[in-house]
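# My questions are about this predicted structure, shown below with the sequence.
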Amino acid sequence: RNLGAMLGRTLGRIASGSARLLTPRVTASGSAQRLGAPVAAGRFSSSDAGEGGDKAEDAVRMLLESLGEDPNREGLLKTPKRHAKAMRFFTQGYEQDLDVVLNNAIFSEDSDEMVMLRNIEIFSMCEHHLVPFHGRAHIAYLPRGKVVGLSKLVRVAEMYSRRFQVQERLTKQIATALNDKLAPHGVGVVIECVHLCMAMRGVQKPHSTTVTSCMLGDFKNDPRTRNEFLHLVRSAPSGPPPGAAVAEHVARTGAKLFEASGVHIERTHAGADMFDNLLGGHSPNSMRPLAKDHRALGVAMAMGAGDYGSAAPPEVKAAAVSMPPEDVRYSTIEIGKEDMKFSAAHFTVFSAKERERLHGHTHAVKVQFTGLVGSDGMVANYAILKKRVRELCALWDETFLVPGQSPHVQVVQEGGRVKITHNGVMQDLPADDCRILPVRNVTVEELSHLLLQNIVGEKGGWCNEQGILRVQAQVSSDGGRGQWASSTWVAPVAE
């Protein structure tokens, strides 16, 4: 009865012309407003309301009444005001102008390599049910002499998502806006979202994800560009898996763990107990990996043996470890300062004919050191550890990293030049700008392993001097926001 009365009043107001429609209208500049509600006057403003106050608040109050609720009870007394305020925030994109959002942050730059920003969190409102959908946007473009500030990519996505939307239109609006303003060689946008309108109601499938894409220019016409973009989208981290589930899987299957360095590590009950006790104790389901033979593993890691796991590991001998007395403590510290990073150019090689475009990353670095806590309360001299990591980052900073052991890339260094050939195409660069690395490919997996080798020193000599028992080197692309890879060294344990 109440719902019928409310609909009757609303239809009567529309028929008499006293009610304004709230249909979005997109202007030429890319902004949007609702018909009958000028942007300058403010949406849902009190000037649109009757004697009862704010029009939006009145509408929420009527909705509560139609659902059989009492809008005057304590818990709902301020709900109309709160909801109206929230809806203004959720739809603030209607009042934003694309030119204002970009704020002239478009710069001339001699660059035509892909620029990509991944994992932009977005929140929008489904226009069919007025409930949220949320997820991540991945945006890339190929500059044509102009680049835009990275934060503006986020702001453009935010402007169009803060409206009543469907995901298909949202994806196209972001791509079209960037294409119009930057005139690049191409634009690619992929959006992955969970829609609460099909999670909370209807088919009620909360784990379903909707993926939409819009490809313009080279992203649509050039399969290599499109494949590179989609490969980078697929490699975007979606968050770590639940630790308990992983631990349960390892415990159930006895699965072998392989660090990025390729060293064979296996978790066993006896071995886990030895290693956990040595480091001060961990839960029985600890995911801390244990080498079955500490001495052989330590030497293999220090020497960079990538195929140690090809042979069956020896049996664990409990007598191989002398348990520390109760007053001996071991601890782990992590060195990961803001300046422990390096910016370098590279390309990933996929085959004899396929590779990525030459592009750059800012790689973040973190290193964990485990050792005996000394009488000074420290595992080791922090200044020495930080200096060691910074020196290694400086070696690779602002250079072109070249895979010196790739079977698909020919590298020749002569006369102060480095000639790099792949699939018949040669690049001739100054030797000072290149670092030829003893790796098969320039990936975070290989970089973490090489970084570990350089930190540990030959046969673990440097770590032995510092009293370090375990080192884990981690390298990430995109300044720590991309995927992380880690490699681990464990010191030999005396029998």
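Arrived safely, thanks for sending.

# in the stretch 151-300 of the chain, which ranges drop under the pLDDT threshold?
236-300 (pLDDT under 70).

# Distance of the residue nearest to Gly217 when sequence neighbours are not counted relative to Ser108?
Distances taken as C-beta to C-beta, 6 or more residues apart in numbering place Gly186 nearest to Gly217, at 2.9 Å, with adjacent residues excluded. From N, CA and C alone the C-beta is placed, and that goes for glycine too. Distance from Gly186 to Ser108, counting by C-beta to C-beta, to the nearest Å: 19 Å.

# same thing with Gly467?
54 Å.

# So between these two, which is more surrounded?
Gly467 (13 against 9; other C-beta atoms under 10 Å).

# How about the contacts made by that one?
Gly467 makes contact with 371-372, 374, 379-380, according to C-beta atoms under 8 Å, 6 or more residues apart in numbering.

# From those residues, list the buried ones, please.
For the contacts of Gly467, a burial check counting by 16 or more other C-beta atoms under 10 Å picks out 371, 379-380.

# Helices of the protein, start to end?
2-16, 55-66, 79-90, 98-102, 150-161, 167-182, 218-221, 223-234, 243-253, 269-278, 294-303, 382-396, 444-456, 461-466 (DSSP state H).

# one step back: pick the one among the buried ones among the contacts of Gly467 closest to Ala344.
Using C-beta to C-beta, Ala380 comes nearest to Ala344 of the buried ones among the contacts of Gly467, at 27.9 Å.

# sorry, back to before: out of the contacts of Gly467, which two sit at the greatest distance?
Of all pairs in the contacts of Gly467, the most separated under C-beta to C-beta is Leu372 and Ala380 at 9.3 Å.

# Buried residues, stretch 433-447. List them.
434-437, 439-447.

# Please produce CSV containing these, extended by pLDDT and distance to Glu398.
Shown next, in CSV, are those (pLDDT from 0 to 100; distance: C-beta to C-beta, whole Å):
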residue, pLDDT, distance to Glu398
Cys434, 90, 11
Arg435, 89, 10
Ile436, 91, 16
Leu437, 90, 15
Val439, 89, 19
Arg440, 90, 23
Asn441, 89, 21
Val442, 88, 15
Thr443, 87, 19
Val444, 85, 18
Glu445, 87, 22
Glu446, 87, 19
Leu447, 86, 15
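
# Could you export those residues as JSON lines, including distance to His134?
Compiled in JSON lines, the buried residues of stretch 433-447 are given as follows (distance: C-beta to C-beta, whole Å):
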{"residue": "Cys434", "distance to His134": "43"}
{"residue": "Arg435", "distance to His134": "41"}
{"residue": "Ile436", "distance to His134": "45"}
{"residue": "Leu437", "distance to His134": "40"}
{"residue": "Val439", "distance to His134": "39"}
{"residue": "Arg440", "distance to His134": "39"}
{"residue": "Asn441", "distance to His134": "35"}
{"residue": "Val442", "distance to His134": "35"}
{"residue": "Thr443", "distance to His134": "31"}
{"residue": "Val444", "distance to His134": "28"}
{"residue": "Glu445", "distance to His134": "31"}
{"residue": "Glu446", "distance to His134": "35"}
{"residue": "Leu447", "distance to His134": "33"}
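
# Pull the most distant pair out of those.
Going by C-beta to C-beta, the pair spanning the buried residues of stretch 433-447 furthest: Cys434 and Glu445, at 20.8 Å.

# Any idea what the nearest residue to Glu168 once chain neighbours are set aside is bridged to?
Closest residue in space to Glu168, ignoring its immediate chain neighbours: Thr212 at 5.4 Å, by C-beta to C-beta, 6+ apart. As for beta bridges, Thr212 partners with Ile191 under DSSP bridges.
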